[in-house]
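In: This is the structure alone, sequence omitted:
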């Protein structure tokens, strides 16, 4: 259902619209990790996360009449912004259903990107029912955050770039660490690497207590998290891996890695000091694994995806205060 | 003495060594500025500033025997790190003479990049005498921070990239705003644009009270600053424009722009929130001019170089606290 050809087709649709992010590095990070560390800064992608790739891929894959009716997404964060901007640039209406207790700045940003934001009360209202009603009334197309082939294909375009950039950097064998929520980015990159850089191995990274993917890969079946809130790594917290993404990850990925919140915050501070990029805690778990779990990684080099940078200023200031360079 | 051919030759020597930085943008910044804003994030360059380009260009231009004896540079920061890493990667010894009151992070980084750091007291010691003595004793080659043709040529490679990237973005007429100290980056970019994108006009940007270049461009002769310390924009504070750089700027640049320190700090906070990059105050003056002095800029688009990101965590935290998104 998701395959290399779809990723290549998505890359053609994204060309000139999504940003081709570079690979960054620092001798200071290499020294901490004990090997070469290359970072793919998807925080520099439009809307501050890789989600723009999947949003663009999904919106651009719709036929003209369907697109004109508009799209709808459920998200309190990065997927919302990615879909909102992708829709606006296609001239398509976008409705984003967000919990009314989402941070004001995220609601405002999503509105400012041209989307109609529909708020619901987490306690008393049924998000899916609201979405279904709106979709039926207006003929909107639902864009799921990860378990959707065209979204996976869009995220996979980051993997095509990694394959090319690693080759140019002289790396043909390495672990590629990927911040993992539902697995859209991880499975997309894994498919791209399988086709274009078979010596590179995709590995999901999660925060402790929310390691559903690592456990699922070990057991061979979908495992759930016991809770889905209360983490600084909110961007990558999902109940369980997707029905489409999990089989791809089970077939292609190496073992999952798990880091603490403190390690993620430390990686946020090191990315500030050494790479000059802004990464959110959930977007920093892969770099944290590269730096603080070197014994679980193979090879002379490691590639870590910094998947997003939409962090509140207070949290960022706290990371810098707690982990001075 | 400095010309387009030298810049093209430097670009060939830098290929595969310096980073080709992207052009970043955000609809939120466009809205503040009232026009399209494109940012060239040289904070993402190796060592966190454009200075690596000039350092690499100068070190790589030396003959083998001269290079092996080593290089020496005077710098309070970014030039020091650029030269140190460029020298190390060429296997050349580097001595960096730094004021003892330079930001701690810059001194530590320069040492960690393999250079020998010699500290001097700005008030009581003669920097040039210290450098001359060391150079004579060890046969070191001095790499000046800006008034040196191969350094200007290296910085100009950023201008070649801007010319190509602007064309790809559909921009053929725009002001290119450049954070300006002694004028190495500004004059190098101006020469590159003259040759490759004549519709793009280089314009220096400085902090208030340190606007020697803006005043020199107005009067047509080299004007000095009354002081050279006490600014958060330390990276771009010099006594006066260079003897080589000024004639180039006088021939090619549009009028200089001047911003306040508060505007620079505000731009630091906006670059964090909207571009997910870490910029130091001196590296943010061009973006500040783009955002807060739109009436002094011509055209539907503006390009701003974010020249460096080597900022102490305390200053960065202060910027985020003072200017919440």
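Out: In hand now; what should we look at? This one's a predicted model, so the numbers in the text were calculated from it and none came from an experiment.
In: what does the stretch 201-325 of chain A have sitting close to chain B?
Out: Residues of the stretch 201-325 of chain A found near chain B, taking Cβ under 8 Å from any Cβ of the partner chain as the criterion, are A:269, A:272-273, A:275-279, A:309, A:313, A:316-317, A:320-321, A:324-325. All C-beta spots, glycine's among them, are computed from the backbone N, C-alpha and C.
In: Now do the helices in chain A.
Out: A:4-14, A:27-33, A:51-61, A:64-69, A:78-89, A:104-112, A:127-138, A:149-168, A:184-196, A:212-219, A:245-252, A:261-270, A:281-292, A:313-322 (DSSP state H).
In: Touching the first one from outside, list them.
Out: In other words, helix A:4-14. A:53, A:56-57, A:60-61, A:149-150, A:152-154, A:156-157, A:159-160, A:188, A:191-192, A:194-196 (Cβ atoms under 8 Å, 6 or more residues apart in numbering or on different chains).
In: please redo it, this time with the cut-off set to 6 Å
Out: Under the criterion Cβ atoms under 6 Å, 6 or more residues apart in numbering or on different chains, residues A:56, A:57, A:60, A:153, A:154, A:156, A:157, A:160, A:191, A:192, A:195 lie in contact with helix A:4-14.
In: Kindly identify which of these also come near chain B.
Out: The subset of the contacts of helix A:4-14 within reach of chain B, by Cβ under 6 Å from any Cβ of the partner chain, is empty.
In: And those, which is closest to residue B:287?
Out: Distance to residue B:287, by Cβ to Cβ, is smallest for residue A:56 among those, at 26.1 Å.
In: Next one: that closest one from chain B, what distance?
Out: Between residue A:56 and chain B the distance is 15 Å, computed by Cβ to the nearest Cβ, to the nearest Å.
In: ok, now residue A:112?
Out: 7 Å.
In: Can you give me the pLDDT of that residue?
Out: Per-residue pLDDT puts residue A:112 at 93.
In: number of nearby residues for the residue nearest to it when sequence neighbours are not counted?
Out: In space, and not counting its chain neighbours, residue A:112 is closest to residue B:28: 6.8 Å by Cβ to Cβ, 6 or more residues apart in numbering or on different chains. Using other Cβ atoms under 10 Å in any protein chain shown, residue B:28 has 17 other residues around it.
In: try residue A:133
Out: Look at residue A:133: counted by other Cβ under 10 Å, it has 11 neighbours.
In: Likewise for residue A:17?
Out: 15.
In: how close does it get to chain B?
Out: 12 Å.
In: what does the domain assignment say about chain A?
Out: Split into domains by automatic domain parsing, chain A comes to A:4-49+A:148-322, A:52-142.
In: about what we covered before: quick check on the residues of the stretch 201-325 of chain A next to chain B: which are buried?
Out: Neighbour counting by 16 or more other Cβ atoms under 10 Å in any protein chain shown classes A:269, A:272-273, A:275-279, A:309, A:313, A:316-317, A:320 among these as buried.
In: Tabulate these (a markdown table), appending pLDDT.
Out: Compiled in a markdown table, these are given as follows (pLDDT from 0 to 100):
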| residue | pLDDT |
| --- | --- |
| A:269 | 98 |
| A:272 | 98 |
| A:273 | 97 |
| A:275 | 98 |
| A:276 | 98 |
| A:277 | 98 |
| A:278 | 98 |
| A:279 | 98 |
| A:309 | 96 |
| A:313 | 95 |
| A:316 | 97 |
| A:317 | 97 |
| A:320 | 98 |
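In: Of the residues of the stretch 201-325 of chain A next to chain B, which pair is most distant in space?
Out: Counting by Cβ to Cβ, the most remote pair of those is A:309 and A:324, 20.5 Å apart.
In: Specify the strand with the largest residue count in chain A.
Out: strand A:200-207 (DSSP state E).
In: Give me the helix or strand of chain A that scores worst on average pLDDT.
Out: helix A:104-112 (a mean of 88; mean pLDDT, DSSP states H and E).
In: Off-centre distance for that one?
Out: 19 Å (Cα atoms, centre = their mean, to the nearest Å).
In: List the buried residues for it?
Out: A:106, A:107, A:109, A:110.
In: Which of those sits closest to chain B?
Out: residue A:109 (7.9 Å; Cβ to the nearest Cβ).
In: measure the closest one to residue A:88 for me?
Out: Look at residue A:109 and residue A:88: by Cβ to Cβ, to the nearest Å, they are 13 Å apart.
In: likewise residue A:153?
Out: 21 Å.
In: Look at the two and report which has more neighbours.
Out: Between residue A:153 and residue A:88, counted using other Cβ under 10 Å, the more crowded position is residue A:153 (30 against 16).
In: Give the bridge partners for residue A:116, please.
Out: Beta-bridge partners for residue A:116, by DSSP bridges, are residue A:95.
In: residues near it, how many?
Out: 15.
In: now swap in residue A:54 and tell me
Out: By other Cβ under 10 Å, the residues close to residue A:54 number 35.
In: And for the one 10 residues further on?
Out: As a burial measure, residue A:64 scores 8 neighbours (other Cβ under 10 Å).
In: can you redo the buried residues of helix A:104-112 as TSV with distance to residue A:32?
Out: Formatted as TSV, the buried residues of helix A:104-112 follow (distance: Cβ to Cβ, whole Å):
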residue	distance to residue A:32
A:106	32
A:107	37
A:109	33
A:110	36
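In: among those, which two are most distant?
Out: A:107 and A:109 (7.4 Å).
In: Which part of the stretch 151-300 of chain A gets nearest to chain B, residue-wise?
Out: residue A:276 (3.6 Å).
In: check contacts around the residue nearest to that residue when sequence neighbours are not counted.
Out: Excluding the flanking residues, the one nearest residue A:276 by Cβ to Cβ, 6+ apart is residue B:309, at 3.6 Å. With contacts defined as Cβ under 6 Å, 6+ apart, residue B:309 is in contact with A:276, B:43, B:48, B:278, B:279, B:280.
In: so residue A:190 sits right up against residue A:204, yeah?
Out: No: look at residue A:190 against residue A:204 with Cβ atoms under 6 Å: they stay out of range, at 9.1 Å.
In: okay, the two: which has more neighbours?
Out: residue A:204 (34 against 28).
In: burial count for the closest residue to the more buried one other than its chain neighbours?
Out: Computed as Cβ to Cβ, 6+ apart, the closest residue to residue A:204 that is not its neighbour in sequence is residue A:180, at 3.5 Å. The number of residues packed near residue A:180 is 35, by other Cβ under 10 Å.
In: which residues does residue A:180 contact?
Out: Residue A:180 touches A:186, A:204, A:206, A:213, counting by Cβ under 6 Å, 6+ apart.
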